[in-house]
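# sharing a sequence plus its predicted fold:
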Amino acid sequence: MKLVTSVFLCIISIVFTGCTTNAPLTGTNKSPILPSKSQADQTPTTHITKAETDTDKTKTLKIGNISELKDDKTCDDVGDILVYAETRSYWVYICGNKQDTSQSSYFFKAKSKNDKDKPSIMGKASLGWRQTSFVGIKDNYTYSIDIPSVRTNSGSYKLPSLDIYPSNVKEITLNPEDVQHELLTKYLSTAPYRQARKFYGQWWSSESDPLLDPKKKKFIKHLMDNRENLQVCENRNREPSERREEGSVLYKLENGKYVLQLRCNVYLKYNSFNFFLISEQANGLEVKFLTQPKDVAKFGVSVDEYEGRIIVGRPLFDPLTRNLSIHVPFSGLSKNGYLSTFTISNEQLELIEFRYADRDDNFYIDPILYPILYP
């Protein structure tokens with residue numbers, strides 16, 4: 001029975017985030033970080049992606065523009081229809097204001113088509129931490145709907161689905177009525193939610209721009225050539241340079257200014273990084289550490305012996321808002337952990353939000369749903 005339960009927990013975890021391992025405690029409701037303008041301005045298209053259904057038969061996922069819905073009044077009481085999706089058993093709506101997609105919350109409506117035993121859910125939702133799904137908690141249920149990405153037909157990425165499951169149960173059962181997991185068969189959206197972020201490499205990697213790879217290689221070489229003077233990755237291991245480059249990400253802020261997320265160590269349970277603000281000057285590179293501010297210590301977060309230069313966890317940086325969020329899970333299911341969010345202000349990191357969860361149930365929730373401790 002323990003083995004069955006463990007396998008089931010892992011499946012649930014994969015549905016939302018992938019199985020992970022423990023990370024030590026040594027982390028708030030924010031406005032969502034929207035996709036880049038170039039992404040939002042793409043010409044609406046409809047395409048077909050192969051998807052494996054719950055019954056192992058082949059279906060297709062139709063992806064298109066929300067304009068295909070005509071005279072649908074489902075969201076009129078709370079706003080516009082931003083996303084519409086279908087599964088075998090559900091119609092799903094994400095409602096909001098098309099004129100203000102920077103809002104921090106949305107309205108979620110999942111209506112059962114014809115099965116009285118399947119719960120219909122209506123409640124608030126947020127754009128998930130990694131902006132790849134809409135998530136929320138209502139009464140005894142946690143719910144999620146994925147935003148498709150161009151990689152959903154890859155075996156290494158989960159297929160878009162709707163997931164509804166009890167959020168407060170104490171005993172795990174294999175009763176299929178307890179967990180609703182159904183693949184999407186249709187997905188229509190407004191431009192900002194047409195496609196999820198693309199991720200490269202492992203789960204800890206952030207979105208990367210391949211056009212910046214030559215510059216990233218140059219910057220990393222400069223840092224590693226001057227690692228002692230610059231105090232780069234003090235607790236480093238001796239990884240081959242190509243692996244360090246693969247696990248690092250360079251972001252362009254403006255002409256001549258960049259943020260480099262440099263991977264230091266790869267641990268079994270979590271990873272560590274240095275973050276640098278790098279400016280190209282006429283006489284060379286100007287390098288400044290972005291260090292974790294000491295005020296996170298009041299929440300029980302340990303600021304390392306290297307004065308906050310080493311940051312541990314799952315990073316996500318958005319160059320448009322200059323916000324850096326770090327997720328540190330305490331368990332494989334990530335039901336416990338913290339999410340700290342910083343912004344770059346005056347060339348240093350400033351804490352703007354801190355979320356923390358210490359849950360006693362057995363289900364994963366997106367870190368964006370952790371209770372807010374700050375501000």
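Received the coordinates, thanks. All of these numbers come straight from a predicted model, not from anything done at the bench.
# low-confidence stretches in the stretch 101-250 of the chain?
Within the stretch 101-250 of the chain, the set of residues satisfying pLDDT under 70 comprises 101-104, 150-158, 167-178, 197-208, 235-245.
# contacts for stretch 68-88 next, please.
Contacts to stretch 68-88, defined as Cβ atoms under 8 Å, 6 or more residues apart in numbering, come from residues 53-54, 66, 91-98, 101, 106-107, 109, 134, 145, 147, 161-162, 182-190, 192-193. In short, each C-beta sits where N, CA and C put it, glycine included.
# please pick the buried ones from those residues.
Buried by 16 or more other Cβ atoms under 10 Å: 66, 91-96, 101, 106-107, 109, 134, 145, 147, 161-162, 182-190, 192-193, out of these.
# beta partners of residue 273?
residue 263, residue 311 (DSSP bridges).
# wait, it sits on residue 264?
Yes: Residue 273 lies in contact with residue 264 (Cβ atoms under 8 Å); the separation is 6.0 Å.
# so what sits against both of the two?
residue 310.
# re earlier: looking at the buried ones among the contacts of stretch 68-88, which are in strands?
Among those, the members found in strands (DSSP state E) are 91-96, 106-107, 109, 134, 145, 161-162, 182-183, 186-189.
# and the chain, what are its domains?
What automatic domain parsing lists as the domains of the chain is 36-193, 210-374.
# list the residues that contact the residue lying closest to residue 164 once chain neighbours are set aside.
In space, not counting the residues next to it along the chain, residue 164 is nearest to residue 180; the distance is 4.1 Å by Cβ to Cβ, 6 or more residues apart in numbering. For residue 180, the contact set (Cβ under 8 Å, 6+ apart) comprises 89-90, 118-119, 162-165.
# are any of those buried, and which?
89-90, 118-119, 162-165.
# put together JSON lines for these, with distance to residue 372 on each row.
Below are the buried ones among the contacts of residue 180 laid out as JSON lines (distance: Cβ to Cβ, whole Å):
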{"residue": "89", "distance to residue 372": "34"}
{"residue": "90", "distance to residue 372": "30"}
{"residue": "118", "distance to residue 372": "32"}
{"residue": "119", "distance to residue 372": "27"}
{"residue": "162", "distance to residue 372": "26"}
{"residue": "163", "distance to residue 372": "24"}
{"residue": "164", "distance to residue 372": "24"}
{"residue": "165", "distance to residue 372": "23"}
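# tell me the one among those residues nearest to residue 356.
Closest approach between the buried ones among the contacts of residue 180 and residue 356, by Cβ to Cβ: residue 165, at 22.3 Å.
# next up, the contacts around the closest residue in space to the closest one that isn't next to it in sequence.
Nearest non-adjacent residue to residue 165, counting by Cβ to Cβ, 6+ apart: residue 179, 4.3 Å away. Residues near residue 179 by Cβ under 8 Å, 6+ apart: 12, 163-166.
# at which residues are the helices of the stretch 201-350 of the chain located?
For the stretch 201-350 of the chain, the helices defined by DSSP state H, counting those that start in this stretch occupy 213-225, 227-230, 241-246.
# could the ones you listed be laid out in CSV, adding mean neighbour count and distance to residue 141?
Listed next are the helices of the stretch 201-350 of the chain as CSV, based on neighbours: other Cβ atoms under 10 Å; distance: least, Cβ to Cβ, whole Å:
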stretch, mean neighbour count, distance to residue 141
helix 213-225, 16, 43
helix 227-230, 11, 49
helix 241-246, 14, 39
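# turn the ones you listed into CSV, columns for distance to residue 311.
Converted to CSV, these look like this (distance: least, Cβ to Cβ, whole Å):
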stretch, distance to residue 311
helix 213-225, 15
helix 227-230, 16
helix 241-246, 16
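# ok, which of these comes nearest residue 288?
helix 227-230 (10.1 Å).
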